[in-house]
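In: After the sequence you'll find the predicted model.
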Amino acid sequence: AAVCPVDCCVPNPDIPETHEVLLARARRLHPDETIPDDAPSRFKKEGAAVPAAGGGEGAAAAKAAPPAKAGPAPAPAAPPPAATAPVETAGIAIPAPDDWEIPIRCFRCSGDYSVPFRHFRAGVVFYCPHCNGSLVPTLGMVRRVEDALARFHAAWTRDFEEFHERRKRELEQFEARQRAALERFEEELRATALREKAPGAPARRKGFFSF
């Protein structure tokens, strides 16, 4: 009810619920927990209607009243995207072969329109949206379009794989150079810091006849 945009959670008039009933039910479900009598409850909210627990006019009215009609169920919320490592991709993307829009030119009015390739099949009738002229692709037309899509997707995939392999090698070489530079700097920093003795450092006593 907290996330539902419409009032589709309708109480059952044949099964009345009260704070005491739900409290006893919670204690049966969670015997290992101590649930106080003043536990938070929707029945204690300001302005909440408390259904009648026993008989009388309230119970009779509840049974006589027809249940409210439930509204349309809301669309389920989209699940959050899975936490995955970011993948470096180029800015250009192509549709899947079945989603590729196949251009069609009407032989009657020369109007242009397109249909997804998954519907571009031999024997399927397409109607021009401009003049309602019909077109039925032949098996040869479908095969030629299918071969063209297959060749293009194969070349596109091969180029992308080669590009990513090249970028991967370049990244590995760059990291190796940076690692070597870091090691050289650490040696330089150590030599710089230890070049001179700090004031007050113990010095070796020279001999009496030493110069």
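Out: It's in. Numbering: from 1, shown residues only.

In: Find the least confident helix or strand in this structure, judged by mean pLDDT.
Out: When the helices and strands of the chain are scored by mean pLDDT, DSSP states H and E, helix 57-64 comes last with a mean of 42.

In: Which elements pack onto the helix or strand following that helix?
Out: Counting by DSSP states H and E, the next helix or strand C-terminal to helix 57-64 is strand 101-105. Counting by 3 or more CB pairs under 8 Å, 6 or more residues apart in numbering; DSSP states H and E, the packing neighbours recorded for strand 101-105 are strand 112-116. Yep, even glycine has a C-beta here, placed from its N, CA and C like the rest.

In: how big is the angle separating the strand it packs on from strand 101-105?
Out: 150 degrees (axes from the mean of the first three to the mean of the last three CA atoms, to 10 degrees).

In: which parts of strand 112-116 are buried?
Out: Of the residues in strand 112-116, Y113, V115 count as buried by neighbour count, 16 or more other CB atoms under 10 Å.

In: How many residues are close by E186?
Out: 10 (other CB atoms under 10 Å).

In: Please read the previous query as pertaining to A39.
Out: Applying other CB under 10 Å, I find that A39 has 13 neighbouring residues.

In: again, but for H164
Out: H164 - counted by other CB under 10 Å - has 14 other residues nearby.

In: That one is in what secondary structure piece?
Out: helix 139-193.

In: Report the mean per-residue pLDDT for that helix.
Out: Throughout helix 139-193, pLDDT has a mean value of 93.

In: and that helix with strand 101-105, angle?
Out: Going by the same axes, to 10 degrees, helix 139-193 makes 140 degrees with strand 101-105.

In: Good, wrapping up.
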